[in-house]
Structures are given as C-alpha cells and as structure tokens.
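S.K.: Fold the following, please.
(one chain, ligands or ions: 2)
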Amino acid sequence: MNMILLGPPGAGKGTQAVNIVEKYDVPHISTGDIFRENIKNGTELGKKAQEYMNRGELVPDELVCEIATDRLSREDCAEGFLLDGFPRTVFQAEKLDEFLTANGKKVDAVINLEVEKEELITRLTGRRVCRKCGASFHVVNIPPKTEGVCDYCGGELYQRDDDTVETAENRISVYDTQTKPLVDYYTKAGCIVNIDGATGLENVFADIVTALGEK
Ligand code: AP5
Ligand code: MG
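M.R.: Ligands and ions are numbered 1, 2, ... in the order given. Here you go, the predicted structure:
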C-alpha cells in the first residue's frame, strides 16, 4: 500500500508512523528525518536545509522532490511505503503523482490527522525525541519512564531546535497557507481519510486501521 501521512506539525505523524509501518510492513519515509540526519552529519544538503527548518519555513520544492523521489526509487519501496511530511505543497504532490504514474503506481491512501492549533503548540513545545532511535515522547502526554532517557533504546532525549513557541507558530501558519490545500487535492483524488488526531494514541491508531483496513 502506498500511503501518505498528512497533518500539521505536531499532529502525531511521526508517532503514528511507528505503528503503521510495523502493521503494514512498509518503509517509513520522513523528509524531516532525512534533513535532520543530514544536518547531524554536516552534509551540504543539511547545511542548505537547516536555515529553512530553523525558521519554520519549507525547504525549496526542487530540493525536497529530488530527495523524496530518490528515496522512493529504492528497492524497499517496491511493495509500498509510508510518506511522512511529504508532499507539503501542491507542486510536490504533482511531482509525486508524475513520479508514481511513470512507475505504474499511485497513491492509495492519504491519512489526514486533524488537531486544533492550541493542542499542536502544547505538543510541539513539550516534545522530546531520542537522539539514537528517533522515538518521540512528550513531557506530559507521553512521558518516558526515566526523565531524559528513551524507553526503547536508552538513548538521550533532546528537544528539536524548531520546537520553540515562535518557530512552532510559524510552522503552523506555513502549514495553513502551503500544505492545507493538499486536503482538497487528495479529497478530489478520492483517496483521503480524515482522522481525529486528538483522541489519544491508541484510539488514533485504531481509527487509522479501521480506515485503511487490515493488511
Ligand atoms: P517535520 O520533521 O516533518 O516536522 P513537522 O511536519 O513540523 O511535524 P512534526 O514532526 O513536528 O510533528 P508530527 O506530526 O510528526 O508529530 P509527532 O508525532 O512528533 O519537518 C520539519 C521541517 O523540515 C519543516 O518545518 C521543513 O522546514 C522541513 N521539511 C520537511 N519535509 C518537507 C517538505 N516535504 N517540504 C519542505 N520542507 C520540508 O508528535 C508531536 C508531539 O505530540 C510528541 O511529543 C508526541 O509524543 C505527542 N503526541 C503525538 N500523538 C499524540 C496524541 N494522540 N495525544 C497526545 N500527544 C501526542
Ligand atoms: Mg514528525
């Protein structure tokens, strides 16, 4: 199944992706994670992306599309994939469609996680991420068993540079103007499922499985 996770910053895309990829046995492709990995490794791509990310703005379309289509061309995507945070503009969605069509594929399902702005800010500013395995926690909603330590791998938890109130607000307004039009785009394509993302981790996942169907 070829799937996309759509939704504003903090909606729970990364959190739900962990369960979805396990159940449906597809690779998790997060463009945000790819950029953060490149920043960590000091690559040219990382340097280019960092200035946009720190301001809460989108990395230019051409750069993102090249990275995403490169990743989608890998062998492990042959039987399906879960895109998280891509596409984020109508331009990116059109490029993705062109790429998939050229390869005899299509988008099967777009999971659109809906959460109110106030809750998004609370989630983003309280988020802590594992440096080692990337698992996401929240200081109040989903606290780790030991403060600052990942439950899964024991790695150190850190706060993302773009999880300040100011940058989070900018990311949400960038979402509203540049990414939200994709809800219409995929509604017209007939493949979107709208999920209430504010109902708690297990409920959100159960709703996603109900919408997608068993594997
Ligand atoms: P990216 O890394 O994709 O960030 P984002 O879209 O801003 O989304 P987040 O990762 O912040 O949120 P999420 O929905 O994954 O939430 P999470 O599950 O962690 O992108 C970062 C930047 O990279 C962009 O700003 C841009 O600059 C650049 N970029 C990336 N892709 C791009 C593209 N295609 N085009 C251009 N630029 C691009 O959850 C958040 C918190 O809430 C966590 O603490 C979690 O524990 C908690 N939580 C989750 N679910 C629940 C729940 N049900 N109840 C309570 N708490 C919950
Ligand atoms: Mg994420």
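S.K.: What number of residues are in the vicinity of Ala206?
M.R.: Neighbourhood size, Ala206 [other CB atoms under 10 Å]: 14. Yep, even glycine has a C-beta here, placed from its N, CA and C like the rest.
S.K.: Distance of it relative to ligand 1?
M.R.: Between Ala206 and ligand 1 the computed distance is 11 Å (CB to the nearest ligand atom, to the nearest Å).
S.K.: Pro181 too?
M.R.: For Pro181 relative to ligand 1 (CB to the nearest ligand atom), the value is 14 Å.
S.K.: With Asn170 instead?
M.R.: Distance, Asn170 to ligand 1, by CB to the nearest ligand atom: 9 Å.
S.K.: Now do the same for the residue of the chain found nearest ligand 1: helix, strand or coil?
M.R.: Nearest residue of the chain to ligand 1: Gly32, at 2.0 Å (CB to the nearest ligand atom). With DSSP: H, G, I helix; E, B strand; the rest coil as the basis, the three-state label of Gly32 is helix.
S.K.: which residues does it contact?
M.R.: Gly32 makes contact with 14, 53, 84-85 under the criterion CB atoms under 8 Å, 6 or more residues apart in numbering.
S.K.: What about ligand 2: which of these touch it?
M.R.: Restricting the contacts of Gly32 to those near ligand 2 by CB under 5 Å from the ion leaves Gly14.
S.K.: If we check ligand 1, which of the contacts of Gly32 are in contact?
M.R.: Subset of the contacts of Gly32 in contact with ligand 1: 14, 53, 85, counting by CB under 6 Å from any ligand atom.
S.K.: what about the residue lying closest to the second one once chain neighbours are set aside, how many residues close to it?
M.R.: Residue nearest to Met53 in three dimensions, not counting chain neighbours: Asp162, with 5.7 Å by CB to CB, 6 or more residues apart in numbering. For Asp162, the neighbour count with other CB under 10 Å is 21.
S.K.: try the one 4 residues further on
M.R.: Counted with other CB under 10 Å, the burial measure for Glu166 works out to 10 neighbours.
S.K.: Format the CA atom coordinates belonging to stretch 23-43 as CSV.
M.R.: Output of stretch 23-43 as CSV, limited to C-alpha atoms (Å, rounded to 0.1, in the frame of the first residue of the first chain):
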residue,chain,number,x,y,z
LYS,A,23,1.5,-3.3,10.9
TYR,A,24,1.6,-2.8,7.1
ASP,A,25,5.3,-3.7,6.7
VAL,A,26,6.3,-0.7,4.6
PRO,A,27,9.3,1.7,5.0
HIS,A,28,8.8,5.0,6.8
ILE,A,29,10.0,7.9,4.8
SER,A,30,10.1,11.2,6.7
THR,A,31,11.6,14.1,4.8
GLY,A,32,12.1,15.9,8.1
ASP,A,33,14.1,13.0,9.5
ILE,A,34,16.2,12.8,6.3
PHE,A,35,17.0,16.5,6.7
ARG,A,36,17.8,16.2,10.4
GLU,A,37,20.1,13.2,9.6
ASN,A,38,21.9,15.3,7.1
ILE,A,39,22.3,18.2,9.5
LYS,A,40,23.7,15.8,12.1
ASN,A,41,26.3,14.5,9.5
GLY,A,42,27.2,18.0,8.4
THR,A,43,26.4,17.4,4.7
